[in-house]
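A.B. asks: Any chance you can model this:
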Amino acid sequence: MSTPYASAAPYYARYRPPYPAELYALLADRFALDGSQTVLDLGAGPGTIGLPLAPLVEQVYAVDPEPAMLAEGCARAEEQGRRNISWLRGDAADIGRLCLPRIDLCVIGDAFHRMDRARVAADLDAVLAPRGGIAVVTSLAAAWPAVVDEVRARFLGPGTGTGTGTAYGAPTRRADTPADHVRDAEDQLAKSEFSRVGTTMWERSTRCTVDQVIGLQFSRASSHPALLGDRKDAFASELRRALLDHDPGGTYIRTVTVAATVATRPRR
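C.D. replies: Numbers count the residues shown, from 1 in each chain. Just a heads-up that it's a prediction; the model follows:
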């Protein structure tokens with residue numbers, strides 16, 4: 001069965017911004033990545049983390065429940081000549097059934113809050129190497145101009161706007177923002193076997209064109225093309241007009257903070 005991300009997959013792969021290079025430098029340092037490690041990218045999407053991580057390790061297992069996401073990732077890996085990524089259909093409940101080898105690092109990008117966090121940590125305890133760990137990555141972004149919410153509400157109903165601090169991903173309530181997801185990840189992991197927890201953040205400004213803003217809306221579970229149906233083109237046209245009325249320059253800048261919560265077992 002397809003997920004809400006089936007029709008969103010090509011937009012997700014094309015328009016979601018990459019994570020900063022500092023993230024991979026942090027992971028390389030914390031886990032001594034030297035080309036010999038095995039990584040699990042859980043909730044991998046089209047390989048947003050797994051693809052940039054692949055040159056640093058021996059093998060990446062990219063796991064996602066949506067076949068369209070895996071197809072996008074596989075195509076991108078082919079384009080980039082990445083031969084060390086295995087694309088596996090599954091979700092966070094399948095860790096024990098995937099017959100994975102010993103894993104040195106599990107990365108989870110903007111998806112941990114949609115998982116049974118306690119179960120995931122417990123299941124990972126069985127497959128992660130003694131010095132292995134978990135890296136939960138969360139994107140915290142400032143809101144788009146209000147006109148984006150207004151157009152979304154007209155087409156999709158009230159309460160479907162991007163909201164302050166909405167992540168690049170499934171919609172979040174104002175009381176359940178990515179900042180809450182970071183705190184929850186820290187709390188959940190601190191109660192697990194991976195109780196040595198720390199979060200590092202990087203902030204940057206991203207510049208988006210009108211086409212990129214529209215593409216990002218189509219990449220979301222709450223406004224994917226299949227949900228809009230035959231109103232997709234009208235939505236894009238009205239959003240384009242509203243954005244250009246708001247700023248005729250057609251360029252939109254917002255601040256994005258990426259948080260990496262790294263958890264390992266306590267040192268003995």
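A.B. asks: Just the helices from the stretch 151-268 of the chain, written as ranges.
C.D. replies: Listed in chain order, the helices of the stretch 151-268 of the chain (DSSP state H, counting those that start in this stretch) span 178-190, 210-218, 225-228, 232-246.
A.B. asks: And these: which comes nearest residue 75?
C.D. replies: Evaluated with CB to CB, the helices of the stretch 151-268 of the chain place helix 210-218 nearest to residue 75, the distance being 17.2 Å. (Glycine included, C-beta is placed from N, CA and C.)
A.B. asks: so that closest one versus helix 232-246, what angle?
C.D. replies: Going by axes from the mean of the first three to the mean of the last three CA atoms, to 10 degrees, helix 210-218 is angled at 130 degrees with respect to helix 232-246.
A.B. asks: Columns mean pLDDT and mean neighbour count on top of the helices of the stretch 151-268 of the chain, output as a markdown table?
C.D. replies: Below are the helices of the stretch 151-268 of the chain laid out as a markdown table (pLDDT from 0 to 100; neighbours: other CB atoms under 10 Å):
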| stretch | mean pLDDT | mean neighbour count |
| --- | --- | --- |
| helix 178-190 | 93 | 19 |
| helix 210-218 | 96 | 20 |
| helix 225-228 | 96 | 17 |
| helix 232-246 | 97 | 16 |
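A.B. asks: Figure out which of these is closest to residue 266.
C.D. replies: Nearest to residue 266, of the helices of the stretch 151-268 of the chain and by CB to CB, is helix 178-190 at 10.7 Å.
A.B. asks: how distant is the closest one from the center of its chain?
C.D. replies: Averaging C-alpha positions (CA atoms, centre = their mean, to the nearest Å) puts helix 178-190 15 Å from its chain's average.
A.B. asks: and residue 169, what pLDDT?
C.D. replies: Note on residue 169: pLDDT of 34.
A.B. asks: Next: residue 203.
C.D. replies: 94.
A.B. asks: Could you point out the helix or strand that follows the helix or strand residue 29 falls within?
C.D. replies: Assigned by DSSP states H and E, residue 29 belongs to helix 21-30. Counting by DSSP H and E, the element after helix 21-30 in chain order, helix or strand, is strand 38-42.
A.B. asks: and that following strand, what does it pack onto?
C.D. replies: Strand 38-42 sits against helix 50-53, strand 59-64, strand 103-109, helix 117-127, with contacts defined as 3 or more CB pairs under 8 Å, 6 or more residues apart in numbering; DSSP states H and E.
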